[in-house]
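>>> structural data only, the sequence is not supplied:
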């Protein structure tokens, strides 16, 4: 497994094979390695990566010590990636050039929060219709159950409620372009969250 | 331009001929048929331009055979457009010339732009 942390920059369109295609630009890395976890010491293997450098006074003492041990400046974010491929040691800096054009990646992020959303927006329920005598029930869910049996609402019944602001993974996105000078990466399609949102990138396979 | 937007810059056609709504243009469009490729020319009046960056597009309207109006929307930066030639310029007072759809014959003409010295 190969992975990296990044931030969503924004979306644009490009011509891919003559067709206008929606793409997302991600600022990926640089991510210094802070700790290497091994099966012998930690019972599992993982790489701890840092992202987004901060002023040293923003890191508390335990954190500062942790970063210092690896010889890395304090960063805002620390994330572990399980079973990282390749030989890395603390202090190594991982960059976008870990990826190649054509790679397949999974992108994980926090989706935009939609607040308390109705059933139409949240679960795609059909609208009851706005005309033909509809009244007082323009975006409601309709019936939520039966009468004497079960005489209650089934658990798990889809209703209105908080939507978004959840961890979402979009799988199998194609890397269209890499700009290693600027640390940017372009992928086909959309990824979770607003521009500026933190993102985890995982390589799942090579391109065709 | 934001730094990340420069990633799409290499596909933007900088040397595009400047044309505006009202202009009559020849759009040279590459058509791929099987393994052969030829150039199709669509001639008509530009009735709208919209969008920015790579997603910009424009609409060309012509009167086809039988007096039937034909409109075609082209992505401005499409790699299939090999050339856009301006044949005539017209002076118009609005950005979208959708009112032409309701007019025919002599009424659908536009005032040609006078060239000042």
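Okay, I see it. From a predicted model like this one, the values you see are computed outputs, not experimental measurements. Numbers count the residues shown, from 1 in each chain, chains lettered A, B, ... in the order given.
>>> so who does residue A:7 touch?
Residue A:7 sits next to A:26, A:27, A:52, A:196, A:197, A:198, A:199 when contact means Cβ atoms under 8 Å, 6 or more residues apart in numbering or on different chains. Bear in mind the C-beta positions are built from the backbone N, C-alpha and C, glycine included.
>>> quick one: buried ones out of these?
Those of those that meet the buried threshold are A:26, A:27, A:198, A:199, by 16 or more other Cβ atoms under 10 Å in any protein chain shown.
>>> can you give me the strands for the chain?
No chain in the question, so chain A it is. Secondary structure of chain A (DSSP state E): strands at A:2-16, A:19-28, A:31-37, A:46-53, A:75-82, A:93-94, A:104-110, A:115-117, A:161-163, A:167-179, A:184-188, A:198-205.
>>> looking at chain B here, not the other one
Assigned by DSSP E, chain B shows strands spanning B:24-33, B:36-50, B:57-63, B:69-75, B:81-88.
>>> highest mean neighbour count out of those strands?
The highest average neighbour count among those, using mean count of other Cβ atoms under 10 Å in any protein chain shown, belongs to strand B:57-63 at a mean of 18.
>>> enumerate the residues of chain B near chain A.
B:2-8, B:11, B:53-55, B:75, B:77-80 (Cβ under 8 Å from any Cβ of the partner chain).
>>> tell me the buried residues within the residues you listed.
Neighbour-count burial (16+ other Cβ under 10 Å) applied to these gives B:4, B:7, B:8, B:53, B:54, B:55, B:75, B:77, B:78, B:80.
>>> reformat the residues you listed as a markdown table; add distance to residue A:58 and pLDDT.
Shown next, in a markdown table, are these (distance: Cβ to Cβ, whole Å; pLDDT from 0 to 100):
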| residue | distance to residue A:58 | pLDDT |
| --- | --- | --- |
| B:4 | 25 | 77 |
| B:7 | 31 | 74 |
| B:8 | 34 | 74 |
| B:53 | 37 | 82 |
| B:54 | 39 | 85 |
| B:55 | 40 | 86 |
| B:75 | 46 | 91 |
| B:77 | 44 | 89 |
| B:78 | 48 | 88 |
| B:80 | 52 | 90 |
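>>> taking these, tell me the two that lie furthest apart.
Farthest-apart pair in those is B:4 and B:80; separation 26.6 Å (Cβ to Cβ).
>>> neighbours of the residue lying closest to residue B:100 once chain neighbours are set aside, just the number please.
In space, and not counting its chain neighbours, residue B:100 is closest to residue B:108: 5.4 Å by Cβ to Cβ, 6 or more residues apart in numbering or on different chains. Neighbours of residue B:108 under the rule other Cβ atoms under 10 Å in any protein chain shown: 16.
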